[in-house]
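*Asks:* the following block contains a protein sequence and its predicted model.
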Amino acid sequence: RLLLGCKIRPLPSSYRHNRLLLSCLSSSEGRQPGKSPSFSVNWSAGDGELEVVDVSTGRKDSGTPSRLCKRSLFTRWERLHHQGRVSPRSDATTRKTMEEAMKTYCGAKMAAGAYQRARQKFVISLQEAGLGIWNRKPPEQEHFQSRV
């Protein structure tokens, strides 16, 4: 299990290390930022169609947020949770405590014990390999509720 030459500590059983397989085309002229496309495209199994996103705003042409933004992903997770199709695998001591925590994106992430353990192992592995620290975004960016 290698990531940029560093060993990843064993992860909780619900997580696995995937190796990326990338193919790159290179050009002799090098990177020219002015010629970079102004859009990106995403698709994954189960999606009905490609999503085209303006890279400067992170939004679709219609002005709506990408399905890959945190709020959209949290809303999808919360719908599945309410349908009983996913569980946060929480370390919270009571159901009431867990439900209260999961009202926000940040709370749901913090209540997911296996996720937090896997993340911590990843961060420690980066530091041990001399690759620096994992920079966190400001906490206020994760204190939002979904639209469910």
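*Replies:* Cool, got the structure.

*Asks:* show me the helices in this structure, by range?
*Replies:* In the chain, the segments counted as helices under DSSP state H are 70-82, 95-101, 105-111, 113-128.

*Asks:* out of those helices, deepest packed?
*Replies:* Ranked by mean neighbour count, the helices of the chain are led by helix 105-111 with a mean of 19 (mean count of other C-beta atoms under 10 Å). No exception for glycine: its C-beta is placed from N, CA and C like everyone else's.

*Asks:* counting contacts, what elements does that helix pack onto?
*Replies:* Applying 3 or more C-beta pairs under 8 Å, 6 or more residues apart in numbering; DSSP states H and E, we find helix 105-111 packed against helix 70-82, helix 95-101, helix 113-128.

*Asks:* for Gly63, find the nearest of those.
*Replies:* Taking C-beta to C-beta, helix 70-82 is the member of these nearest to Gly63, at 13.9 Å.

*Asks:* so, low pLDDT: which residues of the chain?
*Replies:* For the chain, the stretches flagged by pLDDT under 70 are 1-8, 19-35, 87-99, 147-148.

*Asks:* center of it - which residue?
*Replies:* Compute the mean C-alpha point of the chain, and by C-alpha atoms, centre = their mean the closest residue is Lys70, 7.4 Å away.

*Asks:* that one and His143 touch, don't they?
*Replies:* No: if you go by C-beta atoms under 8 Å, Lys70 and His143 don't touch, sitting 11.2 Å apart.

*Asks:* what is in contact with the two at once?
*Replies:* Applying C-beta atoms under 8 Å, 6 or more residues apart in numbering, one finds that Lys70 and His143 are jointly contacted by Tyr105.

*Asks:* sorry, back to before: just put the helices and strands packed on helix 105-111 in JSON lines and tack on distance to Val41.
*Replies:* Shown next, in JSON lines, are the helices and strands packed on helix 105-111 (distance: least, C-beta to C-beta, whole Å):
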{"stretch": "helix 70-82", "distance to Val41": "16"}
{"stretch": "helix 95-101", "distance to Val41": "35"}
{"stretch": "helix 113-128", "distance to Val41": "28"}
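
*Asks:* which stretch among those comes nearest Lys60?
*Replies:* It is, among the helices and strands packed on helix 105-111 and with distance given as C-beta to C-beta, helix 70-82, at 10.9 Å.
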